[in-house]
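Undergrad: next comes the sequence, and after it the predicted model I'd like to discuss.
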Protein chains: 2
Amino acid sequence: MPAEELGVLIKSAQAVLNQRMDEALRPLGLTVSQYACLQNLLDEPGITGSELARRTFVSRQSANVLLQGLERRGLIERSDDPGPRRERAIALTAEAKQLVATARDEVAAVVTRMTAPLDGARLRTLLSELAACRDALLQND
Amino acid sequence: MPAEELGVLIKSAQAVLNQRMDEALRPLGLTVSQYACLQNLLDEPGITGSELARRTFVSRQSANVLLQGLERRGLIERSDDPGPRRERAIALTAEAKQLVATARDEVAAVVTRMTAPLDGARLRTLLSELAACRDALLQND
DNA sequence: GACCAAGTGTCAAACTGTTGACATGACGAG
DNA sequence: CTCGTCATGTCAACAGTTTGACACTTGGTC
């Protein structure tokens, strides 16, 4: 059974992808974590810090220090009056929107290169099969 | 183009897989990194520390502190007289071989659960397509 | 209304991993 | 032979992340 390979395969793919994304984003002064943060905030404005942590697969404490850095750099702004559950709405500045736009292009180039050996149909099957595997582990028994 | 999803899909699959493996290995007193280390040493005995680092996708310094912990715990032994390139051969103790055997079963159960929704043919296509994507990024330009 | 569970934000300590640097030994080109 | 290159092992400093803890707010339950 070749199923054992899938684990290391996922790990190796994630490792090299992360490395290439880091190389692509470094000239922009962004880490991969920071880019993921900004990208999620662009897709879903006004998102909360904890929700952001869930989407980037880190603890909410770690997301918080990330947000502090982005705030100090003038890329995001957090409202001082908290909302319903003590949450502070997060907004991207105009500078950040422009930065994440170019960053998105850089990342898209990496992903395009990664998916180059696959035609449209194969890419779709890869996406659905890999998602099925992930979801099989997501059920909390 | 749905290609953009592949990145986060790989990341999420790796995250949940790592979490499930951690849950499975914690009762044995092993972290995922430690298991990966022992597993590689079982597959390829006498491997060098730097080679081990490459296979587990970490720096050789990080692999070294991992090996120090395993050595202190009596799971591996490193020869004191270095070989051709100052390398120290690493060997698993009998206790480690038994531990990694049961750990391998635990991990296999997780992977089996992950690949449950796929039949043999689909699993093979997933493996080859994902490997193709990874290899597309491995070419250093 | 009182109370308790759940969600959020934040701080401090601990851990894991990386980067940078250095010493050592092997190998090949000149 | 000598020197430059490369690979290994190891140390120290550093950054990033997690774990544990606490305060605050909301919402449902009794």
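TA: Perfect, I can see it now.

Undergrad: residue contacts, the residue positioned nearest the centre of chain A?
TA: Centroid-nearest residue in chain A, with Cα atoms, centre = their mean: residue A:36, separated by 3.1 Å. Applying Cβ atoms under 8 Å, 6 or more residues apart in numbering or on different chains to residue A:36 gives the contacts A:55-56. All C-beta atoms are positioned from the backbone trio N, CA, C, and that covers glycine.

Undergrad: tell me which element it falls in.
TA: Under the assignment given by DSSP states H and E, the secondary-structure element containing residue A:36 is helix A:32-43.

Undergrad: ok, that helix near DNA strand C or not?
TA: No: under the criterion of Cβ under 7 Å from any atom of the strand, helix A:32-43 makes no contact with DNA strand C; the nearest approach is 11.7 Å.

Undergrad: quick one: buried residues of that helix?
TA: Of the residues in helix A:32-43, those with enough neighbours to count as buried (16 or more other Cβ atoms under 10 Å in any protein chain shown) are A:32-41.

Undergrad: what's the answer for stretch A:7-24, then?
TA: Those would be A:7, A:9-18, A:20-21, A:24, for stretch A:7-24 by 16+ other Cβ under 10 Å.

Undergrad: report the entries of the residues you listed that also contact chain B.
TA: Within the set of those, contact with chain B (Cβ under 8 Å from any Cβ of the partner chain) is found for A:7, A:9-17, A:20-21.

Undergrad: possible to save these as a markdown table with pLDDT and secondary structure?
TA: Below are those laid out as a markdown table (pLDDT from 0 to 100; DSSP: H, G, I helix; E, B strand; the rest coil):
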| residue | pLDDT | secondary structure |
| --- | --- | --- |
| A:7 | 96 | helix |
| A:9 | 96 | helix |
| A:10 | 97 | helix |
| A:11 | 97 | helix |
| A:12 | 96 | helix |
| A:13 | 97 | helix |
| A:14 | 97 | helix |
| A:15 | 96 | helix |
| A:16 | 96 | helix |
| A:17 | 96 | helix |
| A:20 | 95 | helix |
| A:21 | 96 | helix |
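
Undergrad: can you redo those as CSV with distance to residue A:100?
TA: As requested, those are exported to CSV (distance: Cβ to Cβ, whole Å):
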residue, distance to residue A:100
A:7, 32
A:9, 30
A:10, 27
A:11, 27
A:12, 28
A:13, 24
A:14, 22
A:15, 24
A:16, 23
A:17, 19
A:20, 18
A:21, 14
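
Undergrad: nearest to residue B:105, of those residues?
TA: Sorting these by how near they are to residue B:105, with Cβ to Cβ, puts residue A:7 at the top with 14.0 Å.

Undergrad: quick check: closest non-adjacent residue to the closest one.
TA: Among residues not flanking residue A:7 along the chain, residue B:111 sits closest, at 5.6 Å (Cβ to Cβ, 6 or more residues apart in numbering or on different chains).

Undergrad: CA atoms only for whatever helix or strand that neighbour lives in - export them in CSV, please.
TA: Assignment of secondary structure by DSSP H and E places residue B:111 within helix B:94-114. Included here for helix B:94-114 are C-alpha records, laid out as CSV according to Å, rounded to 0.1, in the frame of the first residue of the first chain:
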residue,chain,number,x,y,z
ALA,B,94,16.4,-1.9,20.7
GLU,B,95,13.9,0.1,22.8
ALA,B,96,13.7,2.6,20.1
LYS,B,97,13.0,0.0,17.4
GLN,B,98,10.1,-1.3,19.4
LEU,B,99,8.7,2.2,20.2
VAL,B,100,8.9,3.3,16.6
ALA,B,101,7.1,0.0,15.5
THR,B,102,4.0,0.8,17.6
ALA,B,103,4.3,4.5,16.6
ARG,B,104,4.3,3.5,13.0
ASP,B,105,1.0,1.6,13.5
GLU,B,106,-0.6,4.7,15.2
VAL,B,107,0.5,6.9,12.3
ALA,B,108,-0.7,4.3,9.7
ALA,B,109,-4.1,4.4,11.3
VAL,B,110,-4.3,8.2,10.8
VAL,B,111,-3.1,8.0,7.2
THR,B,112,-5.6,5.2,6.5
ARG,B,113,-8.4,7.3,7.9
MET,B,114,-7.2,10.2,5.8
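
Undergrad: noted, bye for now.
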